[in-house]
Every structure is written in C-alpha cells, then in structure tokens.
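Asker: Coordinates for the following, if possible.
(chains A and B)
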Amino acid sequence: MSFLAQTMRQVLRQVPSRTAALAGGMRSLSISPAFLQQNKPATESVDISAISKDQQKECSNICERINQQVAKSEQGRLFAVVHLCGKQFKITPGDIILVEGYWPPTIGDEISLDKVLLAGARDFTLVGRPILEPGLVSVKATVVEKTLTHTKTHFRKKRRKQYMRINFQRSPNTMIRINSIELARPVDGNSEAEVEPSKRLF
Amino acid sequence: MSNSHLFMKSGFPRAPLQNGLGRYVCQLQRITLKFCKNNGSSRGMRDFIENHLVDFAKENPGIVVYVKPRRHRTPVLVGEYLNGDREWLNCRNNTQEEISKWIDLLKTQNGSSSSLRLRKMWHTDVPSIQGPWTPFLLRSPETQGQVYPNTEASKPLETPQSATEKLIELFRQQQLEAGEEAHDLLSKKRAE
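Answerer: Numbers count the residues shown, from 1 in each chain, chains lettered A, B, ... in the order given. This is a model prediction of the structure:
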C-alpha cells in the first residue's frame, strides 16, 4: 500500500494538471489529504524574491500596524497556544493549567514557556510554523501546586480462571499559573530567515 | 479500571486566593509529627526527626512544625492548610525516605486533594478573546440570505459520472470526429 501511495505521489508531482482529477478518484480511499500534506518541499528560509512586490508590501504593512498597536499598548489581552509536556494549552494571563505525570519544577518556581505555537490578541494572530521564533513572545508562569491525583483503582479479573488483581495508583499533578504573555520585540515579517535553528526549547 | 471514581466528588482546578499571580505563598500552615519513642513502627519517623527535621524547619520558615511523642501508638503526619483543610497520614513502618517524600507532598499541595476528581486540566476566567466560534464565522455572505430547501445547496459536492453520461460523451466525441472527417472530405473536394 505504501509503495502504491508513493508511485501515486510521484505521478501527481509530474502531472500537476491532472492532480485534481486523480485526487477526486482517490477520495474513496480517503488518503487524499495525506497526499496534499506530505512531500511539501521543506523551506528553511523564505524566498523573498519569489513573493510578489504587492504581497511583500501588504505583509510589511500588516506587521507595521501590529507593531504600532503594540507600541501604543492598545492590543488588549493576549492569548497563546503553548506546547508543554506533550500537550497543547490555550492560555491567557491568569489561567491555571495542569501538567499530568512526573515533572521536576517545584512550587514557587517561575518558568517561561518557550514553545509558543500561536499568539494572538483581539485584532491579530501570529501563527508559528510549527512554533513562533524563539524570543518573539515571552510567556511567564509560576508553579503553584504539586499534588497527587485521587486514588484510581486498577481492577482486573478473568472469569472462571481464578485470576483477580487489584492495584491502586496515584499519579503526580502540577498546577501552573500563567502570569504574563507579552510580545518581547516588534513583529517583522522578514526576520524568520535570520534565526539560527539550533536552540533548545522545553 | 473500575468506575467508582465517577461517583466521587468532582471539581475543576482552582488555586486559592489568586495564589501565584503576584507572589507565591506556601499553603501549608502547620505540620505535626506524632511518634512513639521506643516502638519499631516509628523508627523511620525517629530517624527523620533526628537527621532532617531541623533542616526542613530552617528551609521553610513559614511552616510551624510540632513534634509530639506518645507511647505505643503508630506514627502519624498531620498537615493543616490555609484554607482550613487538615490532612492526616498514617506512617506506620515507613522508612526515613518515605516520610520525607510524604512531608514534601504535604508541603507542595494546596489542601487535601485526595477526594476530588478533576473534570478539566485547565481553568480560565477569559474563555475567548477574539470571540467564540459560530458556524457563520468566516462564511461567504451569500449563505446568510439563502432560503431552504435549496436545490443548489443540497446537492452533493461531487457526483461521479454515471455510465449513461459517459456513453453520451463518447457518442458526442464520435460524432465530432466524424464531423471533422466529413469536414476534411468536404474541404478536399472543394480544393479539387
């Protein structure tokens, strides 16, 4: 099946005009979304020359408007989608989120959440690919509570086999309070190309 | 997994008194260590008191520590919290490490949490900033004024070509080709 899919993909790439018809034919197999998503050329840097002048102008105009709004601090309350311990949370200042399972930070620790997938305000949204460049949005949080969940009963039994086990378990939970979400520096449409990719985030 | 926890008291994540917004305040107020001076079941507790209790009290000046010896009773840990909760823990035959872990748990939690099932892992006072999503958001304005039932809108998005349609198409093509041939013949004859 994967071999078939690969050949199909090659065919699709060579014959762009027939893509729509083929995709229509393959819709019954319900893998066409995968076709459209996969094998996109990985763009490390934005090819600025390829973008037409009008679009560049529009882009810089939008960035400028966002920067003006932030400079006047008229943007209002910001929100962000952060990736934390394998889960994504939509947060705004004052929120409480819970991390399940073992997590080292203890109470009173002030941490910054660096994997910001999306940040937005009333009038604009910054979408990361997949995360926003490091240092653009600063999300500060405090660890408020570390506790255990209620006792969960793990009971298993096999009928007519004289087999019965009962286990009790409590897993750790960490409660985090979001203190602030701020735009650390002005938004610039072109600066994405200049960031060096090797920076460790957690 | 049994389902007995479904009938437990349930709730949502809350932190008392906006804790952590300005600064963090440890919620444990008092901790009482009760133990026996000569029974073996209190041995771990006695070791903990000898080796680590003074350090613990120095590290946490906000927590009042009481030590209460009593004869021939099991060792017990009791924590009292700012919200009035009181958590009682039996430490019979626990080792020193286990007791320090339990004390750490009492220190880091906001109240007794053992009897609350959480329904969500998230709490917010401002659920939406750009406005909640509705089905009419970002739709074309033409869809607003439509009258239903509407034949245009109720058609399937993509209908496969039926055999009849295919036949008709083939026939048309044939006719066209034949027509072209006839046209060619005509033009040839005209040229002659």
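
Asker: B:Val30 should be in a strand, yeah?
Answerer: To be clear, residue B:30 is Arg; Val isn't right here. Yes. Assessed with DSSP: H, G, I helix; E, B strand; the rest coil, B:Arg30 lies in a strand.

Asker: does it really touch B:Leu82, like I thought?
Answerer: No. Contact between B:Arg30 and B:Leu82 fails when scored by Cβ atoms under 8 Å: they sit 10.1 Å apart. To be clear about C-beta, it is placed using only N, CA and C from the backbone, and glycine gets the same treatment.

Asker: What ranges does chain A have for its helices?
Answerer: A:2-14, A:19-26, A:32-37, A:53-71 (DSSP state H).

Asker: Mind listing what's buried along the longest one?
Answerer: Within helix A:53-71, the residues that qualify as buried are A:63, A:66, A:69-70, counting by 16 or more other Cβ atoms under 10 Å in any protein chain shown.

Asker: Closest one to A:Glu145 out of those, please.
Answerer: A:Val70 (32.9 Å; Cβ to Cβ).

Asker: so who does the closest one touch?
Answerer: A:183, A:186-187 (Cβ atoms under 8 Å, 6 or more residues apart in numbering or on different chains).

Asker: JSON lines please, covering those residues and showing pLDDT and distance to A:Thr106.
Answerer: Shown next, in JSON lines, are the contacts of A:Val70 (pLDDT from 0 to 100; distance: Cβ to Cβ, whole Å):
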{"residue": "A:Leu183", "pLDDT": "90", "distance to A:Thr106": "29"}
{"residue": "A:Pro186", "pLDDT": "85", "distance to A:Thr106": "35"}
{"residue": "A:Val187", "pLDDT": "85", "distance to A:Thr106": "35"}
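
Asker: Could you count how many residues lie near the nearest residue to B:Ile63 once chain neighbours are set aside?
Answerer: Nearest residue to B:Ile63 in three dimensions, chain neighbours excluded: B:Leu28, at 5.4 Å (Cβ to Cβ, 6 or more residues apart in numbering or on different chains). Using other Cβ atoms under 10 Å in any protein chain shown, B:Leu28 is surrounded by 23 other residues.

Asker: where does chain A have low pLDDT?
Answerer: Where chain A drops to pLDDT under 70, the residues are A:1-50, A:189-202.

Asker: Would you mind confirming that A:Val187 is in contact with A:Val127?
Answerer: No. Because the distance of 11.8 Å does not satisfy Cβ under 8 Å, A:Val187 is recorded as not touching A:Val127.

Asker: Between these two, which is the more surrounded one?
Answerer: A:Val187 (19 against 11).

Asker: check contacts around that one.
Answerer: Here A:Val187 is in contact with A:63, A:66-67, A:70, A:126, A:136 (criterion: Cβ under 8 Å, 6+ apart).

Asker: from those, which is closest to chain B?
Answerer: A:Leu126 (12.6 Å; Cβ to the nearest Cβ).

Asker: so who does the closest one touch?
Answerer: A:118-120, A:132, A:136-137, A:187.

Asker: just those now: which is nearest chain B?
Answerer: Distances from chain B to these, taken by Cβ to the nearest Cβ, are shortest for A:Gly120, at 6.5 Å.

Asker: Skip the chain neighbours and tell me the closest residue to that closest one.
Answerer: A:Phe79 is the one closest to A:Gly120 (Cβ to Cβ, 6+ apart), at 5.6 Å.

Asker: Likewise for B:Ile99?
Answerer: Nearest one to B:Ile99, counting by Cβ to Cβ, 6+ apart, is B:Phe48 at 4.7 Å.

Asker: and the one you found, how many neighbours?
Answerer: Neighbour count of B:Phe48, defined by other Cβ under 10 Å: 26.

Asker: One more: A:Arg185?
Answerer: Neighbour tally, A:Arg185, other Cβ under 10 Å: 14.

Asker: and it, backbone torsions?
Answerer: phi -140, psi 160 (degrees, to the nearest 10).

Asker: From A:Asn67, how far off is it?
Answerer: Here A:Arg185 is placed at a distance of 10 Å from A:Asn67 (Cβ to Cβ, to the nearest Å).

Asker: Counting neighbours, what do you get for B:Val65?
Answerer: For B:Val65, using other Cβ under 10 Å, the count is 15.

Asker: repeat for A:Ile96
Answerer: There are 24 residues near A:Ile96, going by other Cβ under 10 Å.
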